[in-house]
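Asks: this one's sequence-less:
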């Protein structure tokens, strides 16, 4: 997979490039120092996944994420930052980021987390998850879901792909996709990331 690193800290970029060079299935295809440069790079060298810092000059990571997802919806974006405050987390997820990982994440875990992200699942650092679910009350709206819909919601929140869910529940991938669409509609949510957040708020 092709990875773009977007960070204004050259040392961070170099360290990540060395880390991913050890992975047979990963290639750092581009490095950008701010959001505007990242968009320019995407025009000629579209990556599979982008590791995006938040605070950068010219254009921050949240603005860049919003614009990149508008133009190239298929690109997966993982925020990789030191910030774990609720405002930044929510803004990044609303902008379209599918993952949010802290720079303090052990290097051995980063590559695997990126593979999970590219497979179609959302990735939220444990500390990030605690931040956005803190002081949230349980809600009655889970009751509008059938037992099967709740089963699929739980497996999505645990990071399973449609194929894995179908295998565990002994149903077709098509039924998983259809049920997922129904759950999103019932809960008025946009995507798997929001579903995972919704689930963990209530559990």
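Replies: Perfect, thanks for sending it. Everything numeric here is computed off the predicted structure, so don't read it as measured data.
Asks: For stretch 62-79, list every residue counted as buried.
Replies: 62-69, 75-79 (16 or more other C-beta atoms under 10 Å). Every residue, glycine included, has its C-beta placed from N, CA and C.
Asks: helix or strand right after the least confident helix or strand in the chain by mean pLDDT?
Replies: Lowest on mean pLDDT, DSSP states H and E among the helices and strands of the chain sits helix 126-133, with a mean of 68. From helix 126-133 onward toward the C-terminus, using DSSP states H and E, the following helix or strand is helix 147-157.
Asks: Only the buried residues of the next helix-or-strand element following that following helix, if you could.
Replies: Sequence-wise, the next helix or strand downstream of helix 147-157 (DSSP H and E) is helix 162-169. Residues of helix 162-169 classed as buried by neighbour count (16+ other C-beta under 10 Å): 162, 164, 165, 166.
Asks: and the angle from the next helix or strand after helix 162-169 to helix 147-157?
Replies: With elements assigned by DSSP H and E, the helix or strand that comes after helix 162-169 is helix 173-187. Put simply, helix 173-187 runs at 90 degrees to helix 147-157, going by axes from the mean of the first three to the mean of the last three C-alpha atoms, to 10 degrees.
Asks: which residues sit against helix 173-187?
Replies: 141, 144-145, 148-149, 152-153, 156, 162-163, 165-166, 169, 189-192, 195, 198 (C-beta atoms under 8 Å, 6 or more residues apart in numbering).
Asks: On the C-terminal side of that helix, identify the next helix or strand.
Replies: helix 192-201.
Asks: coming back round to it: can you tell me which of the buried residues of stretch 62-79 are in helices?
Replies: Secondary structure from DSSP state H places 62, 63, 64, 65, 66, 67, 68, 69 of the buried residues of stretch 62-79 in helices.
Asks: wait, which of the residues you listed is closest to residue 85?
Replies: residue 62 (12.6 Å; C-beta to C-beta).
Asks: Quick check, that closest one in contact with residue 93.
Replies: No: with contacts defined as C-beta atoms under 8 Å, residue 62 does not count as touching residue 93, sitting 9.8 Å away.
Asks: And the closest residue to residue 163 other than its chain neighbours, how far from residue 28?
Replies: Among residues not flanking residue 163 along the chain, residue 173 sits closest, at 5.9 Å (C-beta to C-beta, 6 or more residues apart in numbering). To residue 28, residue 173 is 32 Å away according to C-beta to C-beta, to the nearest Å.
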